[in-house]
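**Q** Give me coordinates for this.
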Amino acid sequence: MKEIVDALKALADEQRLRIINVLMDNELCVCEIRGSLRISQPLISHHLSILRNAGVLSTKKRGQWVYYFVDKKNIKKIQKLILLSLKEMKNQKPFSDDEERLKKCLIGAISRKCKKNGEARICPNENMKREAKQWK
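**A** Okay, the predicted model is just below:
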């Protein structure tokens, strides 16, 4: 679970998403990324470090230069991890409670009242069932 959280944290930043965007189809060094995004070198290095530690980016060293690129194998793993974590979360509270209430609402087992603009309304599925009965 920590791996998923780290990846999500790494991706939850606008600057990092911009970096990933320019690296998606390119191998670039820090100075090329800096020229593209117009962000300071120390800030870019900081973000690159976070992305690399999260497994989103990989590097290749050529002479004295380090080139960064999106590690597409790891990105696919992260996608799978995110999907797996969503499946796992469904079985944990409060997600499981939300799912159970939704199921009950959708099958019409409850007539839960919702408040919208100060008026009480029943679950939308209950309204649809009533309308369907009227058309029979």
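**Q** where are the low-confidence patches of this protein?
**A** For the chain, applying pLDDT under 70 flags the ranges 1, 4, 81-83, 85-86, 89-90, 94-95, 98-99, 101-136.
**Q** at 50 instead, please
**A** Applying pLDDT under 50 to the chain flags residues 109-122, 125, 127-128, 131-132, 134-136.
**Q** Which stretches in it count as strands?
**A** Ranges of strands in the chain, per DSSP state E, are 57-62, 65-70, 113-116, 119-122.
**Q** The second one packs against which elements?
**A** For strand 65-70, the helices and strands in contact under the criterion 3 or more Cβ pairs under 8 Å, 6 or more residues apart in numbering; DSSP states H and E are helix 14-23, helix 30-37, strand 57-62. C-beta: built from backbone N, CA, C; applies to glycine.
**Q** Which positions in that strand come out as buried?
**A** Counting neighbours by 16 or more other Cβ atoms under 10 Å, one finds that the buried residues in strand 65-70 are 67, 68, 70.
**Q** Name whatever forms a beta bridge with the second one.
**A** Bridge pairing for residue 68 (DSSP bridges) gives the partners residue 28, residue 59.
**Q** List the residues that contact it.
**A** 23, 27, 28, 29, 30, 33, 48, 52, 57, 58, 59 (Cβ atoms under 8 Å, 6 or more residues apart in numbering).
**Q** Likewise for residue 44?
**A** Neighbouring residues of residue 44 by Cβ under 8 Å, 6+ apart: 19, 30, 33, 34, 37.
**Q** Distance check, it against residue 23.
**A** For residue 44, the distance to residue 23 (Cβ to Cβ, to the nearest Å) stands at 11 Å.
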